[in-house]
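> give me a model of this one.
(chains A, B, C, D, E, F, G, H, I, J, K and L)
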Number of protein chains: 12
Amino acid sequence: MSTYKLIELVGTSKVSYEDAINNAVKDAQKTLHDLKWLEVVELRGHIGEEGISEYQAKVKVAFKIVRE
Amino acid sequence: MSTYKLIELVGTSKVSYEDAINNAVKDAQKTLHDLKWLEVVELRGHIGEEGISEYQAKVKVAFKIVRE
Amino acid sequence: MSTYKLIELVGTSKVSYEDAINNAVKDAQKTLHDLKWLEVVELRGHIGEEGISEYQAKVKVAFKIVRE
Amino acid sequence: MSTYKLIELVGTSKVSYEDAINNAVKDAQKTLHDLKWLEVVELRGHIGEEGISEYQAKVKVAFKIVRE
Amino acid sequence: MSTYKLIELVGTSKVSYEDAINNAVKDAQKTLHDLKWLEVVELRGHIGEEGISEYQAKVKVAFKIVRE
Amino acid sequence: MSTYKLIELVGTSKVSYEDAINNAVKDAQKTLHDLKWLEVVELRGHIGEEGISEYQAKVKVAFKIVRE
Amino acid sequence: MSTYKLIELVGTSKVSYEDAINNAVKDAQKTLHDLKWLEVVELRGHIGEEGISEYQAKVKVAFKIVRE
Amino acid sequence: MSTYKLIELVGTSKVSYEDAINNAVKDAQKTLHDLKWLEVVELRGHIGEEGISEYQAKVKVAFKIVRE
Amino acid sequence: MSTYKLIELVGTSKVSYEDAINNAVKDAQKTLHDLKWLEVVELRGHIGEEGISEYQAKVKVAFKIVRE
Amino acid sequence: MSTYKLIELVGTSKVSYEDAINNAVKDAQKTLHDLKWLEVVELRGHIGEEGISEYQAKVKVAFKIVRE
Amino acid sequence: MSTYKLIELVGTSKVSYEDAINNAVKDAQKTLHDLKWLEVVELRGHIGEEGISEYQAKVKVAFKIVRE
Amino acid sequence: MSTYKLIELVGTSKVSYEDAINNAVKDAQKTLHDLKWLEVVELRGHIGEEGISEYQAKVKVAFKIVRE
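Take a look at the predicted model:
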């Protein structure tokens, strides 16, 4: 059976929380293979003069650690 | 005065968390009438090779229990 | 250095949680200047006959208190 | 040994939280036998012009599932 | 659609928690109109020689912010 | 300045949660002097055939430790 | 895509928490098909003269709701 | 009706968490009579060269306070 | 008996968390009289090239609302 | 292997939270030997006219119970 | 004095939660030396036709970072 | 827009919690550039014969992941 490692990321977006969550996953996939699941931990953001200027989504992503 | 019952569901979607939450509510409405409110409890998901492959939203939905 | 005050709001929308969160921020900006960040606290909603009829997002927004 | 099932209810009352909690239990007993214990989860309410107009108590009640 | 603001209060009473919660709501209604709902957050109290001398109930009350 | 010790109790009552909380405080006062404050931690109970048969209130009570 | 329903159970055992968790799942499987996952929520128990006399494990189990 | 007192312990074991929980209860029973129930609060441990060298289980145990 | 209002602030400091907490209280006292107590909610901060560049302490402060 | 008992204290200080935490530990050591570790649970305080007049730190301290 | 780093893992087992926790620790020890302690965060699992088919234990393990 | 990664550390000190938090940040900066913010998660410690012998601060520190 496998063991998984979780890492915690904060993805950001100028568009939406859905986009911020996806950005975190996409950036994780640039260096990590075999990502299996995600858990959304927290939603925050920066506010500018025109409303929310940066959506911030803290997520955990999990990937398999190879066990020989 | 009324009493309400809450049931806990996990709605899923290939598209977004907004869609996963709505799917949970729509599926609950197939068998339950008089749904009154929902509470979003948790957001998780599966990750595939192209990013998030399944959005999962744990929600509670509440409906009225008839009191004679 | 600055001190910030947080106020807690529930924004609503007929469309989505993203929209409800933005409505809370926009309404806060009508009377408060220099909003700096937000924290999403809770997502709830009302359900009508056609699914979710009101998306409700509890958020905290923070703004700077002037210190002379 | 027995297994128990918990269901989550919101009892309401025009009088008090004590009454709202009791109403949830009483309504549950109309259809469920052998209720064993309760856990109070949350207290909320509606406010009218004369103060609290509806006391709302979210409770979990547990009953035994028969195991042959 | 409306936006609501929540304020956090601690109501007190020499009599009971039910009374302390009601006192918080009543005092809020002296300056705020259109209170819509409350959430009970915490119950604490002072103890004197004859038992509980002050019941303290931390509650949040919500009211509508007018959106033109 | 003083240091306080907290002990955790579950008070019970056949009548109400208010009564269960008071019973915990009164029983603590039989052996402990100088109780200063209480914190209500949890509300549970047993259910009998006629509704709630035992109200259970978990509370913490604090008293001063003498520092010479 | 599917929607899942979670139900909350307390499994018991005279032997261990592992056994209590398994008993909850086994009893759920007597009436529910297609159980998919479980979440352990809380571990409690009764104590007798010889130590723990009843292990109690509160778990949530999830099963698929058919969506046509 | 009775009042109960809870005390918080950390039981340890070289073998397992089940054993650590039981050790806490057994040690409590050396000085306290009439232990009624336990609540498992937290599981931690020390790691040695060969894996987990000490299982640590934080538990609360409750016993009846005599009320004359 | 009195009712209290709590407001939530984030105090900041270049020196320490103790200082950040005190700054929040001092800034609140510039406009609010009769502050009675505080609750520390969260400790965060910014990091610069030389370590922590801004200590941030989220606190709630409470003051008495006059009841005629 | 050993079993540990935790007791919950509120230490106070006119100076700082660091001092309040240390005062709780020092007062515990007047009557308890072999204190092993502490856990900081909550930071509160009283506010006077000149800012914080009493720092209050709720801590748990653990000590070994002798097992023959 | 030392600084420690924590990583979050999900260990799995076909046998038990005790085994899943140990598997997470053993797999971590394949690449990390000087693991010092663990914290159990969450217990979940998959359910198959014959009961629990995969025990999943989310744990944090801590190891020393060398400070020259 | 950027994505950030959080890592969890326990900093220690013989002096104070402020120092333990700073030590965690300083040790992280030996290998990680562009640390942006920290979140204090937990305060614990060891107790020796003369009071607190090791202050332990669990913190999360965040740094930017380069996105090409």
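> next one: phi and psi at residue A:26?
Here is the backbone geometry of residue A:26 (degrees, to the nearest 10): phi -60, psi -40.
> may I have the residues that are in contact with it?
residue B:51 (CB atoms under 8 Å, 6 or more residues apart in numbering or on different chains). C-beta: built from backbone N, CA, C; applies to glycine.
> all helices of chain A, in order?
Counting by DSSP state H, chain A has helices at residues A:17-29.
> just the pLDDT for the most centrally placed residue in chain A.
In chain A, the centroid-proximal residue (CA atoms, centre = their mean) is residue A:24; its distance is 3.2 Å. The score at residue A:24 is 98. That number is its pLDDT.
> can you name the residue of chain A nearest to chain J?
Nearest residue of chain A to chain J (CB to the nearest CB) works out as residue A:42 at 21.3 Å.
> residues contacting the closest residue to that residue other than its chain neighbours?
Distance criterion CB to CB, 6 or more residues apart in numbering or on different chains; nearest residue to residue A:42, sequence neighbours excluded, is residue A:58 at 4.0 Å. Residues counted as contacts of residue A:58 (CB under 8 Å, 6+ apart) are A:8-10, A:40-44, L:6.
> and the residues you listed, which of them are buried?
Buried members of these, counted by 16 or more other CB atoms under 10 Å in any protein chain shown: A:8-10, A:40, A:43-44, L:6.
> returning to what we had before: the residue nearest to the centre of chain A contacts residue A:55, doesn't it?
No: contact criterion CB atoms under 8 Å: residue A:24 and residue A:55 do not qualify, at 10.9 Å.
> what about the closest residue to residue A:1 other than its chain neighbours, distance to residue G:53?
Closest residue to residue A:1 apart from its sequence neighbours, by CB to CB, 6+ apart: residue K:12 at 4.3 Å. Distance from residue K:12 to residue G:53, counting by CB to CB, to the nearest Å: 31 Å.
> tell me the bridge partners for whichever residue of chain A sits closest to chain I.
Closest approach between chain A and chain I, counting by CB to the nearest CB: residue A:44, at 10.8 Å. Legend: beta-bridge partners of residue A:44 under DSSP bridges are residue A:56, residue C:39.
> what sits against it?
Residue A:44 neighbours (CB under 8 Å, 6+ apart): A:56, A:58, C:37-40.
> between the residues you listed, which sits nearest chain L?
Closest to chain L, out of all of those and judged by CB to the nearest CB, is residue A:58, at 7.5 Å.
> what's around the residue in chain A that chain E sits nearest to, how many residues?
Nearest residue of chain A to chain E, counting by CB to the nearest CB: residue A:51, 13.3 Å away. The tally of other residues near residue A:51 (other CB atoms under 10 Å in any protein chain shown) stands at 16.
> ok, residue A:2 next?
Residue A:2 has 16 neighbouring residues, counting by other CB under 10 Å.
> quick one: it and residue A:64 touch, right?
Yes: taking CB under 8 Å as the definition, residue A:2 is a contact partner of residue A:64 at 5.0 Å.
> where in chain A is pLDDT low?
The model of chain A has pLDDT under 70 over residues A:66-68.
> tell me the bridge partners for residue A:3.
residue A:65.
> quick one: it and residue K:29 touch, right?
No: in this structure, residue A:3 is not within contact of residue K:29 by CB under 8 Å, at 11.0 Å.
> so which of the two has more stuff around it?
residue A:3 (23 against 18).
> against residue H:31, how distant is the more buried one?
41 Å.
> show me what contacts residue A:11?
The contact partners of residue A:11, by CB under 8 Å, 6+ apart, come to A:20-25, A:27, A:56-57, A:59, L:3.
> would you pull up the residue in chain A closest to chain G?
For chain A, CB to the nearest CB, closest residue to chain G: residue A:37, 11.6 Å.
> for that residue, give me its contacts.
Residues near residue A:37 by CB under 8 Å, 6+ apart: A:61-62, B:44-47.
> which residues touch the residue of chain A at minimum distance from chain H?
Per CB to the nearest CB, the residue of chain A with the smallest distance to chain H is residue A:3, at 13.3 Å. Going by CB under 8 Å, 6+ apart, residue A:3 touches A:64-65, A:67, K:9-12, K:23-24, K:27-28.
> not counting its neighbours along the chain, what's nearest the residue nearest to the centre of chain A?
Nearest to residue A:24 is residue A:11, by CB to CB, 6+ apart, at 2.7 Å.
> tell me how far the one you found lies from residue A:29.
Noted for residue A:11: a distance of 12 Å to residue A:29, by CB to CB.
> can you check residue A:21 too?
Distance from residue A:21 to residue A:29, by CB to CB: 13 Å.
> what sits opposite the closest residue to residue A:29 other than its chain neighbours in the beta ladder?
Nearest non-adjacent residue to residue A:29, counting by CB to CB, 6+ apart: residue A:35, 5.9 Å away. Judged by DSSP bridges, the bridge partners of residue A:35 are residue A:63.
> burial of residue A:35, as a residue count?
Count around residue A:35 with other CB under 10 Å applied: 21.
> so who does it touch?
Residue A:35 makes contacts with A:25, A:28-29, A:61-63, B:47, as judged by CB under 8 Å, 6+ apart.
> of those, which pair is most distant in space?
For the contacts of residue A:35, the farthest-apart pair by CB to CB is A:29 and A:62; their separation is 12.6 Å.
> returning to that earlier point: look up how far residue K:56 lies from the residue nearest to residue A:1.
Residue K:12 is 5 Å from residue K:56, by CB to CB.
> which residues are in contact with both of the two?
Common neighbours of residue K:12 and residue K:56 (CB under 8 Å, 6+ apart) are residue K:20.
> flag every residue of chain A that's near chain K.
Within reach of chain K by CB under 8 Å from any CB of the partner chain, chain A has these residues: A:1-8, A:60, A:62, A:65, A:67.
> now for those: which two are most distant?
Checking the residues of chain A next to chain K with CB to CB, the most distant pair is A:1 and A:8, at 23.8 Å.
> neighbours of the residue nearest to residue A:36 when sequence neighbours are not counted, how many?
Spatial nearest neighbour of residue A:36, chain neighbours left out: residue A:62 (5.2 Å); criterion: CB to CB, 6+ apart. If you count neighbours by other CB under 10 Å, residue A:62 ends up with 21.
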